[in-house]
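A.B. asks: How does the following fold in three dimensions:
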Amino acid sequence: MRQSTRRLGFPLVVMALVLVTSAPMGVSASTAPPHRPSPPRPWVTLCLKLKRMPEHRRIRCHYPPAPRLASPARLTAQAQRAPSISEISIPTHPSSPVGIVAGPDGALWFTENYANKIGRVTTAGLFTEYAIPTSGSEPGQITVGPDGALWFTEAVGNKIGRITTSGTITEYTLPTNDAYPWGITTGPDGALWFVEEIGDQIGRISTSGTITEYALPTSDTYPMHITTGSDDNLWFTEPVGNSIGRITTSGTITEFAVPSSGAMPVGITAGPDGNLWYTDANGKVSNVTTTGTFTEYTLADPDSFAWGITVGSDNNLWFVEQMANNVASITTTGTINEYALPTVPSGPFDLVSGSDDNLWLTEDWVDQLGIVTP
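C.D. replies: Purely as a prediction, here's the structure:
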């Protein structure tokens, strides 16, 4: 949510998605595409939608938001049980880190949305950065592929990228123009599965680069994140559609409506209990069984804007609250603990459990990574 350094100038006041022209079909881009405006970032679009709800009219969808502090009693209770939290700066500024994953080499790999790079950091804090060949591609999410490489989405570049642990990048252009790919995960079939936010599709790409796309039953749902469930299906969030979606590896899609009004599911992960756990920007963290039964837990701050979610080394679900500037945990029985990040505001975005059993998170607004020892 950086105000003046991004190409949109003031992206948070843009109310409509601006479609962009995709690059020609091809495997690897060697020349930069012509300059063109990009759509508002996903978190911008959702925050503005949230703000139109009466109960969220006070949320501030621009950088920097006003920090909201918890009550003194609550802060004291948090301090008594708080994990250790530290932060390290990314070498490039501005960087705008977004997605993060634990790599097969024991390092953390992350996307630099504004800097157009893929970053790597060891658990000792040593950084390496790799420039993406396509200029202005705005990388989103990243995952480990079955081939031992890292696979990532290029939202504006309209491509899926692959980077080896030695830094070699290959790019694959999507068949659908202006699809805006975002979430990506490895499926149970040995392929990579991803969502197309503007394309209204779920995509599959083999490790050799063959792409298949499946149209969603409902249009304009803005699919956001995707993960593999305990049932060996792919599960994804539809924040504008107020739904959780499921797709089989053969392409059959089912959508499950979230029971509460105004739901906006964003991040999703497979929990240790076999359920799918997801963050709801409408002030909740919830789960759904593989048969479609929902359980919802309300956060203390309705405007906390929960985003990324993962399983920690303690087998709790950990998530970040972008507007409240917190990292938080929830047990599988619903007990929630929230912890303030040292930098205020930092814009925590996504998180993952590293090879050191610490939680590593991206701080989008301040070009930092956070390290949480549960």
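
A.B. asks: Bridging across strands, which residues link to E255?
C.D. replies: G245 (DSSP bridges).

A.B. asks: Over to the one 10 residues further on?
C.D. replies: In this structure, P265 has the following beta-bridge partners (DSSP bridges): D280.

A.B. asks: Quick check: it vs I226, distance?
C.D. replies: 12 Å (CB to CB, to the nearest Å). In this view, the C-beta of every residue, glycine as well, is placed from N, C-alpha and C.

A.B. asks: Just the pLDDT at P65, thanks.
C.D. replies: Looking at P65, its pLDDT stands at 58.

A.B. asks: in the stretch 51-200 of the chain, which spans are strands?
C.D. replies: Ranges of strands within the stretch 51-200 of the chain are 84-89, 97-102, 108-112, 117-121, 127-131, 139-144, 150-154, 159-163, 169-173, 181-186, 192-196, based on DSSP state E, counting those that start in this stretch.

A.B. asks: I'd like to know which elements the fourth one is packed against.
C.D. replies: I take that to be strand 117-121. Applying 3 or more CB pairs under 8 Å, 6 or more residues apart in numbering; DSSP states H and E, we find strand 117-121 packed against strand 108-112, strand 127-131, strand 139-144.

A.B. asks: next one: the second one
C.D. replies: Strand 97-102 is packed against strand 108-112, strand 139-144, strand 348-353, strand 359-363, strand 368-373, with contacts defined by 3+ CB pairs under 8 Å, 6+ apart.

A.B. asks: and A124, what is it in contact with?
C.D. replies: Contacts for A124 (CB atoms under 8 Å, 6 or more residues apart in numbering) come out as none.

A.B. asks: how much space between it and I371?
C.D. replies: 11 Å.

A.B. asks: before we move on, what about L150?
C.D. replies: L150 is 20 Å from I371, by CB to CB.

A.B. asks: S219: neighbouring residues, count only.
C.D. replies: 8 (other CB atoms under 10 Å).

A.B. asks: before we move on, what about G209?
C.D. replies: 13.

A.B. asks: ok, the closest residue to it other than its chain neighbours - contacts?
C.D. replies: Once flanking residues are discounted, G209 sits nearest to Y172: 4.8 Å by CB to CB, 6 or more residues apart in numbering. Neighbouring residues of Y172 by CB under 8 Å, 6+ apart: V27, K159, I160, G161, R162, I205, G209, I211.

A.B. asks: quick one: low-confidence ranges for this structure?
C.D. replies: Low-confidence segments of the chain (pLDDT under 70): 1-37, 63-81.

A.B. asks: So it: which segments form each domain?
C.D. replies: Under the assignment automatic domain parsing, the domains of the chain span 1-18+34-63, 73-373.

A.B. asks: most packed of those domains?
C.D. replies: domain 73-373 (a mean of 20; mean count of other CB atoms under 10 Å).

A.B. asks: so how far is that one off the chain centroid?
C.D. replies: Centroid separation for domain 73-373 versus its chain: 3 Å, with CA atoms, centre = their mean, to the nearest Å.

A.B. asks: right, and the helices and strands packed on strand 117-121 - which one's nearest V366?
C.D. replies: strand 108-112 (13.1 Å; CB to CB).

A.B. asks: can the contacts of Y172 go into CSV with extra columns for distance to A306?
C.D. replies: Formatted as CSV, the contacts of Y172 follow (distance: CB to CB, whole Å):
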residue, distance to A306
V27, 37
K159, 29
I160, 27
G161, 27
R162, 30
I205, 29
G209, 34
I211, 31
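
A.B. asks: Just give me the closest of the residues you listed to D350.
C.D. replies: When the contacts of Y172 are compared against D350 (criterion: CB to CB), the nearest one is G161, at 16.9 Å.

A.B. asks: pretty sure the closest one is in contact with A155, am I right?
C.D. replies: No: counting by CB atoms under 8 Å, G161 sits too far from A155 to count as a contact (11.0 Å).

A.B. asks: Including distance to L299, could the helices and strands packed on strand 117-121 go into CSV?
C.D. replies: Below are those laid out as CSV (distance: least, CB to CB, whole Å):
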stretch, distance to L299
strand 108-112, 25
strand 127-131, 33
strand 139-144, 23
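
A.B. asks: for the closest residue to I59 other than its chain neighbours, what are its contacts?
C.D. replies: The shortest distance from I59 to any non-neighbouring residue, by CB to CB, 6+ apart, is to D303 (4.4 Å). Neighbour list for D303: L50, H56, R58, I59, R68, G283, M323, A324 [criterion: CB under 8 Å, 6+ apart].

A.B. asks: Mind picking the two most distant members of those?
C.D. replies: Applying CB to CB across the contacts of D303, the maximum distance is between L50 and R68, 15.1 Å.

A.B. asks: Surely I226 touches G183?
C.D. replies: Yes: the criterion here is CB under 8 Å, and I226 meets it with G183 at 4.4 Å.

A.B. asks: what do the two both touch?
C.D. replies: The contact lists of I226 and G183 share F194, V195, F236, T237, where a contact means CB under 8 Å, 6+ apart.
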